[in-house]
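**Q** here is a sequence together with a model predicted from it:
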Amino acid sequence: MNSSLKPTKAFVFTSWAALAIALCAYAVGLLNADLQLNEKGYYLVVMLFGLFSVITLQKTVRDEMEGIKVTSAYKMLVIACVAIACALMVIGLWNADTLALNEKGFFAIAFVLALFSAIVTQKNVRDLSYFDQETPHNIASSPSTETADTASEKL
């Protein structure tokens with residue numbers, strides 16, 4: 001992989017920060033919402049299901065791009081999970097009579113931000129892992145990175 005494709009530290013930090021902000025905002029909103037405990041549990045599970053499904057979808061798409069075999073049934077299942085998680089959030093917010101319209105919008109935006117930032121964070125984690133694996137090979141094979149011991153042995 002081209003080293004110019006390595007995510008910058010600023011991009012990695014931003015993706016992690018966006019994910020943390022989204023999850024913290026969602027959690028604070030959930031704790032302060034005037035909802036019954038079972039309703040709060042519903043919204044928590046929908047968020048966790050959404051995060052898991054988009055991360056899995058991102059990994060599945062990446063596996064395909066890298067030539068790793070992915071069955072079409074599994075890919076369709078993961079896509080369905082993303083759609084189901086989003087539909088569950090919409091249905092839950094649509095039917096939440098105890099939430100004001102601005103609270104519904106808050107939960108929707110926090111949900112979308114969390115899903116998007118999870119995808120980007122997963123991409124960055126995978127890219128950085130790839131570059132970390134590649135670095136020792138490049139250093140070992142590079143003639144300009146001789147150590148003092150190696151140089152003295154050649155003399």
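**A** Nice, thanks for sending it over. Residues are numbered from 1 along each chain as shown.
**Q** dump the residue contacts of the residue nearest the centre of the chain.
**A** Centroid-nearest residue in the chain, with Cα atoms, centre = their mean: residue 118, separated by 2.2 Å. Residue 118 is in contact with 19, 51, 54, 55, 58, counting by Cβ atoms under 8 Å, 6 or more residues apart in numbering. To be clear about C-beta, it is placed using only N, CA and C from the backbone, and glycine gets the same treatment.
**Q** so what's the residue count around the residue nearest to it when sequence neighbours are not counted?
**A** Leaving aside its chain neighbours, residue 118 sits nearest to residue 51 (5.0 Å; criterion: Cβ to Cβ, 6 or more residues apart in numbering). When neighbours are counted by other Cβ atoms under 10 Å, residue 51 registers 21.
**Q** is it true that residue 51 touches residue 115?
**A** Yes - under the contact definition of Cβ atoms under 8 Å, residue 51 touches residue 115, with a separation of 6.8 Å.
**Q** would you mark the buried spots in whichever strand or helix holds the residue nearest to residue 118?
**A** Take DSSP states H and E as the rule and residue 51 turns out to sit in helix 37-65. Of the residues in helix 37-65, 39, 42-43, 46-47, 49-51, 53-62 count as buried by neighbour count, 16 or more other Cβ atoms under 10 Å.
**Q** other SSEs contacting the helix or strand following that helix?
**A** Toward the C-terminus, helix 37-65 is succeeded by helix 72-94 as the next helix or strand (DSSP H and E). Using 3 or more Cβ pairs under 8 Å, 6 or more residues apart in numbering; DSSP states H and E as the contact test, the elements touching helix 72-94 are helix 37-65, helix 101-141.
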